[in-house]
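Undergrad: Below is the structure, and that's it, no one-letter string:
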């Protein structure tokens, strides 16, 4: 989703997030690279879910709570996880998912805020691993391309476009 800064990318995508949880019952992982973006996503989900939620769901902002204590790991309650993308690059992805009390098969959607950073080597690896079992992928950005007049910029733009399946 490419829209100008302040035009509602988060809110627009949150409708898709809530629909995904309502329709599939699967977990959603929202990845951002700043505290402000994580908090914005968490608050937006809670606001939208209040009006669109059709079932119980749990929203967790992992910025201040890296692990989820006291949650039944066998619960099928869908979860909306807000994490920094950097937190997934610290350890094995399955270890990280275990700390989130989810499994790769439970993930229905991965959202990357500031999607233009997705093609950085470590971020790309993380996102690819998270979507390997069929999770959908959405990227949000106000800056979908850089250096349009240079060969390097054109190559990066193509790589970003290809990573999001040219959508």
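TA: Alright, I've got the coordinates. Not measured: the values here are computed from a predicted model. Numbering: from 1, shown residues only.
Undergrad: Buried residues, the helix or strand of the chain with the lowest mean pLDDT. List them.
TA: In the chain, no helix or strand scores lower on mean pLDDT, DSSP states H and E than helix 151-163, which sits at a mean of 76. Neighbour counts over helix 151-163 (16 or more other Cβ atoms under 10 Å) mark 156, 157, 160, 163 as buried. Just so you know, the C-beta spots here come from the backbone N, C-alpha and C atoms, and that holds for glycine as well.
Undergrad: now, among those, which is nearest to residue 141?
TA: residue 160 (8.7 Å; Cβ to Cβ).
Undergrad: Nearest spatial neighbour of that closest one, chain-adjacent residues omitted?
TA: In space, and not counting its chain neighbours, residue 160 is closest to residue 119: 5.3 Å by Cβ to Cβ, 6 or more residues apart in numbering.
Undergrad: Tell me who's in contact with the one you found.
TA: Applying Cβ atoms under 8 Å, 6 or more residues apart in numbering to residue 119 gives the contacts 156, 159, 160, 163.
Undergrad: Looking at those residues, which is nearest residue 10?
TA: So of the contacts of residue 119, ranked by how close each gets to residue 10 (Cβ to Cβ), first place is residue 160, at 19.6 Å.
Undergrad: Great, nothing more from me.
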